[in-house]
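Engineer: I'll drop the sequence and a predicted model, then ask my questions.
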Amino acid sequence: MAPADGPESVRLANPLSSTDGYLRRRLLPGLVRLVEKNWANHVPDVRLFEIGTVFVATPGKQRPEEERHVAAVITGRRDPRHWSGSGEARFDLWDLKAYLESAIALAVPGGAVQLEGDGWIVRDARGRSVGHAGPLNADAPPWADPLFGFELGFDAAQRSATRFTSLPSTPSSERVLALVLRTGTAVQEVESLLQRVGAPLLEAVAIESDYRGPELPPGTRSVAFRLTFRAPERTLRDAEIDSIESRMLAALGSELGIHRRDAGSGEVTGERA
């Protein structure tokens, strides 16, 4: 039970108290009240979460809609006080975003975070708004740190079973491939091509550096990609990786018009690591 929370709140026929006469429409207000109780007891560092059902009144229907939500709030220090002097860092918006993205991966697979005002909104794979995150208002004492929180609706789609794989037993081989990209070329597009051409031996692609300088052609930048190769049952030979790298460069040139940066321009490219 909860106080009224907007026109979509569902009124109870026989509430237990005059202040809690509705079914809860969101989880965050209840968590905020718990934070306020902690503050009232001089507890400054609070991290709370809840997974539960919320209710939304639907015009023309006798029964309200029920949705499964997850919500969390954070305030105060990231870590406990310690004699070493650590534990003084406070939670901020970027800590909240990290928790939010972890929750999205489980609650809304395929969800995307979009900036809105001083926080974020979450959209599912179909573009619907299914959550939000940002600073929260609360009845805070003067010494309290800012309060942040998020709330998400669960995606009801069937989840596939999580599969675990054993740790690799063969060594990896790495190359750094420096490419000259035009200003409008998205790094994600390049990564997708590298993964497609390098499969199945390309294990990972990571950005090593993103460089802009006067020695580069106007409207371009040099992005270095660290490529990790591995075969599950044997050690790769240099000739095999050379062949894959050649196919990557050919595909980059023909499909995206991207070429390797000249090693004489001040940055070593295609080096073995």
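Structural biologist: Sure, I can see it.

Engineer: would you agree Leu227 falls within a strand?
Structural biologist: Yes - with DSSP: H, G, I helix; E, B strand; the rest coil as the criterion, Leu227 is located in a strand.

Engineer: so what sits opposite it in the bridge?
Structural biologist: Arg175, Val205 (DSSP bridges).

Engineer: correct me, but it touches Leu179?
Structural biologist: No - in this structure, Leu227 is not within contact of Leu179 by CB atoms under 8 Å, at 11.3 Å. Just so you know, the C-beta spots here come from the backbone N, C-alpha and C atoms, and that holds for glycine as well.

Engineer: just checking, Val54 touches Leu28?
Structural biologist: No - between Val54 and Leu28 there is no contact under CB under 8 Å: 10.1 Å.

Engineer: need the residues touching each of those two.
Structural biologist: With CB atoms under 8 Å, 6 or more residues apart in numbering applied, the contact sets of Val54 and Leu28 do not overlap.

Engineer: buried ones in the one helix or strand Arg196 maps to?
Structural biologist: Applying DSSP states H and E as the criterion places Arg196 in helix 187-198. Residues Val190, Leu193, Leu194, Val197, Gly198 are the ones in helix 187-198 that count as buried (16 or more other CB atoms under 10 Å).

Engineer: now the helices for this structure?
Structural biologist: For the chain, the helices defined by DSSP state H cover 28-40, 93-107, 187-198, 238-251.

Engineer: by contact count, what packs against the first one?
Structural biologist: This points to helix 28-40. For helix 28-40, the packing partners by 3 or more CB pairs under 8 Å, 6 or more residues apart in numbering; DSSP states H and E come out as strand 46-56, strand 65-75, strand 148-153.

Engineer: just the pLDDT for the spatially most central residue of the chain.
Structural biologist: What sits nearest the mean C-alpha location of the chain, by CA atoms, centre = their mean, is Glu101, with 3.1 Å. Glu101 carries a pLDDT value of 93.

Engineer: check Gly270 too.
Structural biologist: 36.

Engineer: likewise for Pro3?
Structural biologist: Looking at Pro3, its pLDDT is 68.

Engineer: what's the answer for Asp139, then?
Structural biologist: If you check Asp139, the pLDDT there is 95.

Engineer: ditto for Gly131
Structural biologist: Note on Gly131: pLDDT of 94.

Engineer: tell me who's in contact with it.
Structural biologist: For Gly131, the contact set (CB under 8 Å, 6+ apart) comprises Leu100, Ile104, Val108, Gly111, Ile121, Val122, Phe150, Glu151, Leu152, Gly153.

Engineer: ok, the fifth one to Phe150 distance?
Structural biologist: Distance, Ile121 to Phe150, using CB to CB, to the nearest Å: 10 Å.

Engineer: picking up where we left off before, with distance to Glu116 and mean pLDDT added, can I get the helices and strands packed on helix 28-40 in JSON lines?
Structural biologist: Listed next are those as JSON lines, based on distance: least, CB to CB, whole Å; pLDDT from 0 to 100:
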{"stretch": "strand 46-56", "distance to Glu116": "21", "mean pLDDT": "93"}
{"stretch": "strand 65-75", "distance to Glu116": "17", "mean pLDDT": "93"}
{"stretch": "strand 148-153", "distance to Glu116": "12", "mean pLDDT": "96"}
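
Engineer: for Ala186, which of the ones you listed is the nearest?
Structural biologist: Taking CB to CB, strand 148-153 is the member of the helices and strands packed on helix 28-40 nearest to Ala186, at 27.3 Å.

Engineer: so which residues make contact with that closest one?
Structural biologist: Applying CB under 8 Å, 6+ apart, the external contacts of strand 148-153 come out as 26-28, 31-32, 67-75, 91-93, 95-96, 99-100, 103-104, 107-108, 111, 122, 130-136.

Engineer: wait, Arg26 sits on Val54?
Structural biologist: Yes - here Arg26 lies in contact with Val54, judged by CB under 8 Å, at a distance of 6.0 Å.

Engineer: between these two, which contacts overlap?
Structural biologist: His69.
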